[in-house]
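> fold the following.
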Amino acid sequence: MRETPDAPSYATSENRARRLSRAAAKAPQAVRSPRQGGPAVALVLSTSPMASFVCVGRVAGRAACMVTGRKSARFVPVPSGTIAFADRSARIYALTRVKGTAVASVLMVIAPEMFRDEEYEHPREVLERRGATVTVASVEPGPHVGRFGLKVDADIALADASADDYDAVIFVGGGGASVYFDDPTAHALAKAVHASGKTLAAICVAPTILSHAGLLAGKRATAYPSQEDDLRAHGALFTANPVQKEGNIITANGPEAAYSFGEAIAKELGLQDY
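Residues are numbered from 1 along each chain as shown. The predicted model follows:
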């Protein structure tokens, strides 16, 4: 697919996305998907890191796309009812979610303090770029600060999280995650996710939460090097790989593996990078 370096750059606000949707609905030359009665679609003009592309989802009951720039393009599915807009030069890659249901629902569990910033940021970026919606849980809802000063607002208390509500649950690492090593609430959530066959993931020291919950016995797993003896003592087959998948469990060994960790979770969820 050819790049479109002359494609104009746009503001990336939701208001701009709404204006684009109205323009597309009125434009006589708007390109219509061949599947007008099917799911909403997005028209991707380019995958070049420097090129822009405009995507408009279902508008007034039909899928419509307003094309800007060259004609090299392809249709890809987006969540029904979503207006999608993106500008790669602004590092906003996939969907501006205005309304509707995302492709996958993910819960990220962070410590109340001293969680590792990259292990939260990078997987979230990877997943949201592919259309997932992310909810954050901690001991209590509200603001929490990572090891390097990242401020994150937890949406819910961990005690209020239900495995039924998510396609994947991720335990973020960092020294603060030790608060969950022997936490009954964290263990109950992890066990429920695992029993349901949904994706259960942990990075850095957080795989110790899974091992203490009895979920890694006889299974291949990785973690931060300081946790090797603990994982082995609980029956895990420690591999020291950056990322390790065993069934529906994905573990990673630290911040340097954070992007690969996110990509492994996205792959397990069947999310594509547009």
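> please count neighbours and contacts with C-alpha atoms only from this point.
Fine.
> give me the below-cutoff pLDDT ranges for the stretch 101-250 of the chain.
101-103 (pLDDT under 70).
> quick one, strands of it?
Ranges of strands within the stretch 101-250 of the chain are 105-109, 133-138, 142-145, 151-154, 156-157, 168-171, 199-203, 220-221, 237-238, 243-246, 249-252, based on DSSP state E, counting those that start in this stretch.
> now those as a markdown table including mean neighbour count and distance to residue 227?
Converted to a markdown table, the strands of the stretch 101-250 of the chain look like this (neighbours: other CA atoms under 10 Å; distance: least, CA to CA, whole Å):
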| stretch | mean neighbour count | distance to residue 227 |
| --- | --- | --- |
| strand 105-109 | 23 | 19 |
| strand 133-138 | 21 | 22 |
| strand 142-145 | 17 | 23 |
| strand 151-154 | 18 | 26 |
| strand 156-157 | 16 | 26 |
| strand 168-171 | 28 | 15 |
| strand 199-203 | 27 | 11 |
| strand 220-221 | 25 | 11 |
| strand 237-238 | 19 | 10 |
| strand 243-246 | 18 | 15 |
| strand 249-252 | 28 | 12 |
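> would a markdown table of the ones you listed with distance to residue 180 be doable?
Shown next, in a markdown table, are these (distance: least, CA to CA, whole Å):
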| stretch | distance to residue 180 |
| --- | --- |
| strand 105-109 | 10 |
| strand 133-138 | 10 |
| strand 142-145 | 15 |
| strand 151-154 | 16 |
| strand 156-157 | 13 |
| strand 168-171 | 9 |
| strand 199-203 | 12 |
| strand 220-221 | 18 |
| strand 237-238 | 20 |
| strand 243-246 | 21 |
| strand 249-252 | 16 |
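> nearest to residue 179, of the ones you listed?
strand 133-138 (10.5 Å; CA to CA).
> give me the sheet partners of the closest one and which way each runs.
Using DSSP bridges, strand 133-138 pairs in its sheet with strand 105-109 (parallel), strand 156-157 (parallel).
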